[in-house]
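Student: the following block contains a protein sequence and its predicted model.
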Number of protein chains: 2
Amino acid sequence: MRSYEEYCAVAKSLDVVGDRWTLLIVRELALRGPSRYTDLRNGLPGIATNLLADRLRELERAGVVAREDAPPPIATTLFHLTPRGEELRPVLDSLFRWGLPLMSEQQPNDAVRSHWLAGALEQTLTDHSPGQPPIEIELRPGDQPIVIQISDGAIRASVGAASDPAATLTGEPRPIMGLLLGLLELEAAQAAGVHFDGDPKVLERIRGGPPVAA
Amino acid sequence: MRSYEEYCAVAKSLDVVGDRWTLLIVRELALRGPSRYTDLRNGLPGIATNLLADRLRELERAGVVAREDAPPPIATTLFHLTPRGEELRPVLDSLFRWGLPLMSEQQPNDAVRSHWLAGALEQTLTDHSPGQPPIEIELRPGDQPIVIQISDGAIRASVGAASDPAATLTGEPRPIMGLLLGLLELEAAQAAGVHFDGDPKVLERIRGGPPVAA
DNA sequence: CAGCATCCGCTTTGATACTG
DNA sequence: CAGTATCAAAGCGGATGCTG
C-alpha cells in the first residue's frame, strides 16, 4: 500500500495493516495459531493466491509475521504472529465488537468458518453467574462444532467437541448467533430451525446483552 | 469496497471501514468534532476530492456519519459522527496505540497536524502523580500549539494554547514526541533542537513508559 | 500437494480541471 | 465552499502454470 505520509499513529498503523486482506490474515493467525499457507487460504475464501503471498511477505518485512520451516518430519512452512503481531489483538478485538451488530444479517453467499464464530463469541459472551460450576455448550453450525467453556466468570470458545455439554445448539449459523448474541429469543431461533437440547437456563448465564462499552 | 462475503464480525467491520482513507476520515471527525468538507480535506492531505465525497456518502449510508446543513447564519454543511460512528473510537484507540512505536521514524515528507499528535498523546501519557495539583504543558511543534492538561490522574491533550503552562516544548515534532513517548532522553531531545522551558520534573509526571497492555 | 509466479481484464485510486 | 468530471496509473481477482 502506498503510505499515507502522515505523521500520525493511526496512519502509520494503516500503512502496515490497512491493505485489503491484511487484517484478515492477522485474524486467521490470531484465531488459529501457526498455520500453513494452504490453511490460510482456506480461511480466506476469495483471496487471490498471489495476494496472499504478497501480503505475507509485507507482513514479514514489517515484523508482524514470521515463517518457520518446520523440522523434517512435518516438512512444511508455518506462518505465525511475532510478539509485535500479537499486539494487534486489541485491534482485532475492537473490530470484532464493532462488527457484532452486523452479524444479524447474513448475506446468502457469505462464507462461514467455525473459528470466526468462536472469535466473535469470546468477544460478546459473559458469565453472568461466576459462582456456578463450570459447564460446556456445544454448537453445531453446519461447519465444525464449537465448544463454549464457561468457568469462573471466564468464557472460552474454540473449534472442537465438548466432552459433556450442558446444552447443544444445532442449526444455521445466523439464528444460532442471533440467539447467543441476544438478538433473537429462543422461540424465534427455534422457528428458524435451531434445535436446542439441554437446560434453557444455561443460555441466560452467558447470553450477550446490549453492546458493552469498550 | 467489495464485500469480503464472510460471516465474520471482523470482515463485516472491514466491509464498512476497511477502504483506503475511510478510517482516517473517522479519525478526523473523532478528533475534531463536526467538520466542514474543506476542514476534512485539510486534515487528510493527499486525498482526492472525489474520494472524500465518495467515502462520506458510503459512511452516511452505513450510518457512521451524518451531515447537517447548518442554519442560515453559518450556511455550510457539517459532517459529524453518529452514535454508531462514535463506537469506532475503540478501533481508533487501538490503532493509535499500535502505531505509537512507528512514530519514532518520521519520513521527511510526512505531513504533520497538531490534532493528530494530541490524539496520540492522549493514548500514551499517564499522570503518575495523581495527587499533585493540576498543571498544563504547552507544545509548539511548528504547526498549531498543543496544550496537555494534567489533573487528578487524567490527561487531556488538544489543540490550543495553555493559560499558565508549567512547561513548554518548542521544536520539531519528532524529537518532541520521542521525548514525551519515552523513546528519547531530555538531553537527546535538546540535541535534536528541542527547547525545553520549565521544571523538568513535570516530564517525569506524565511521560509514557513501555507500551501498555490494552 | 504446498507454495508460490505470471498474465490479463476489471475496478479502484490519484491528480487535475472544472462548476453551482 | 462543496463538490462533479475526466483519465491515467495502480491495485485486485481469477485463471493458469511452474517447481520442489
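Tutor: Received, thanks.
Student: please make it C-alpha for all contacts and neighbour counts, starting now.
Tutor: Will do.
Student: tell me who's in contact with A:Gln149.
Tutor: Applying Cα atoms under 8 Å, 6 or more residues apart in numbering or on different chains to A:Gln149 gives the contacts A:134-137, A:155-157.
Student: which of the residues you listed count as buried?
Tutor: With burial judged by 16 or more other Cα atoms under 10 Å in any protein chain shown, the buried subset of these is A:135-137, A:155-157.
Student: residues in contact with the closest residue to A:Arg84 other than its chain neighbours?
Tutor: Using Cα to Cα, 6 or more residues apart in numbering or on different chains and skipping residues adjacent in sequence, the residue nearest A:Arg84 is A:Val64, 5.6 Å away. By Cα under 8 Å, 6+ apart, the residues touching A:Val64 are A:81-86.
Student: ok, of those residues, which one's closest to B:Leu181?
Tutor: Nearest to B:Leu181 among the contacts of A:Val64, counting by Cα to Cα, is A:Arg84 at 17.8 Å.
Student: you'd agree the closest one is up against A:Gly63?
Tutor: Yes - counting by Cα atoms under 8 Å, A:Gly63 is a contact partner of A:Arg84 at 6.7 Å.
Student: ok, the residue nearest to the spatial centre of chain A - contacts?
Tutor: Central residue of chain A (Cα atoms, centre = their mean): A:Gly119, 2.6 Å from the mean position. By Cα under 8 Å, 6+ apart, A:Gly119 lies in contact with A:31, A:96, A:157-158.
Student: cool, A:Arg55 as well?
Tutor: A:Arg55 makes contact with A:21-22, according to Cα under 8 Å, 6+ apart.
Student: so which residue of chain A comes closest to DNA strand C?
Tutor: Closest residue of chain A to DNA strand C, Cα to the nearest atom of the strand: A:Tyr37 (3.3 Å).
Student: what count of nearby residues applies to that residue?
Tutor: Residue neighbour count, defined by other Cα atoms under 10 Å in any protein chain shown, stands at 16 for A:Tyr37.
Student: one more: A:Asn50?
Tutor: With other Cα under 10 Å as criterion, A:Asn50 counts 9.
Student: mind saving the C-alpha coords of stretch A:17-36 as PDB?
Tutor: Below are the C-alpha coordinates for stretch A:17-36, written out as PDB (Å, rounded to 0.1, in the frame of the first residue of the first chain):
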ATOM      1  CA  VAL A  17      -2.200  -3.300   8.100                       C
ATOM      2  CA  GLY A  18      -4.500  -1.100   6.100                       C
ATOM      3  CA  ASP A  19      -4.300  -3.100   2.900                       C
ATOM      4  CA  ARG A  20      -7.100  -5.200   1.700                       C
ATOM      5  CA  TRP A  21      -6.900  -8.700   3.300                       C
ATOM      6  CA  THR A  22      -4.100  -7.800   5.600                       C
ATOM      7  CA  LEU A  23      -6.000  -7.700   8.800                       C
ATOM      8  CA  LEU A  24      -7.900 -10.800   7.900                       C
ATOM      9  CA  ILE A  25      -4.700 -12.600   7.500                       C
ATOM     10  CA  VAL A  26      -3.700 -11.500  11.000                       C
ATOM     11  CA  ARG A  27      -7.200 -12.600  12.200                       C
ATOM     12  CA  GLU A  28      -6.500 -16.100  10.800                       C
ATOM     13  CA  LEU A  29      -3.200 -16.300  12.600                       C
ATOM     14  CA  ALA A  30      -4.600 -14.900  15.800                       C
ATOM     15  CA  LEU A  31      -7.500 -17.300  15.900                       C
ATOM     16  CA  ARG A  32      -5.800 -20.400  14.600                       C
ATOM     17  CA  GLY A  33      -2.200 -20.100  15.700                       C
ATOM     18  CA  PRO A  34       0.700 -21.000  13.400                       C
ATOM     19  CA  SER A  35      -0.800 -22.000  10.000                       C
ATOM     20  CA  ARG A  36       0.300 -23.400   6.700                       C
END
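Student: rewinding a little: list only buried entries from the contacts of A:Val64.
Tutor: Buried members of the contacts of A:Val64, scored by 16+ other Cα under 10 Å, are A:81, A:85.
Student: which ones among the contacts of A:Val64 lie within helices?
Tutor: In this view, the contacts of A:Val64 that belong to helices under DSSP state H are A:83-86.
Student: which sections of chain A are below the confidence cut-off?
Tutor: For chain A, the stretches with pLDDT under 70 are A:71-74, A:209-214.
Student: tell me the residues of it that contact DNA strand C?
Tutor: Counting by Cα under 7 Å from any atom of the strand, the positions of chain A adjacent to DNA strand C are A:2, A:36-39, A:49-50, A:53-54, A:76-78.
Student: returning to that earlier point: out of the contacts of A:Gly119, which are buried?
Tutor: Judged by 16+ other Cα under 10 Å, buried ones among these: A:96, A:157-158.
Student: with respect to B:Arg205, which of those is nearest?
Tutor: Nearest to B:Arg205 among the buried ones among the contacts of A:Gly119, with distances taken as Cα to Cα, is A:Phe96, at 34.9 Å.
Student: the helix or strand in which the closest one is found: what's the following helix or strand?
Tutor: If you go by DSSP states H and E, A:Phe96 is part of helix A:89-99. Using DSSP H and E, the helix or strand that directly follows helix A:89-99 along the chain is helix A:114-124.
Student: elements contacting the helix or strand just after that following helix?
Tutor: Note on helix A:114-124: by DSSP H and E, the next helix or strand toward the C-terminus is strand A:135-140. Where contact means 3 or more Cα pairs under 8 Å, 6 or more residues apart in numbering or on different chains; DSSP states H and E, strand A:135-140 is packed against strand A:146-151, strand A:167-170.
Student: hmm, try it at 10 Å
Tutor: On a contact count with 3 or more Cα pairs under 10 Å, 6 or more residues apart in numbering or on different chains; DSSP states H and E, strand A:135-140 meets helix A:114-124, strand A:146-151, strand A:154-159, strand A:167-170, helix A:173-181, strand A:195-198, helix A:201-206.
Student: compute the inter-axis angle for the first one and strand A:154-159.
Tutor: Going back to what we said before, that points to helix A:114-124. 170 degrees (axes from the mean of the first three to the mean of the last three Cα atoms, to 10 degrees).
Student: centre of the chain to helix A:114-124, how far?
Tutor: Averaging C-alpha positions (Cα atoms, centre = their mean, to the nearest Å) puts helix A:114-124 4 Å from its chain's average.
Student: with the last one instead?
Tutor: In terms of Cα atoms, centre = their mean, the centre of helix A:201-206 is set 21 Å apart from its chain centre.
Student: just the third one next, same as before
Tutor: Taking the mean of its C-alpha atoms, strand A:154-159 sits 10 Å from the chain's own mean (Cα atoms, centre = their mean).
Student: my guess is A:Leu117 contacts B:Tyr7. True?
Tutor: Yes - A:Leu117 lies in contact with B:Tyr7 (Cα atoms under 10 Å); the separation is 8.0 Å.
Student: if anything else comes up later, I'll come back, but that's it for now.
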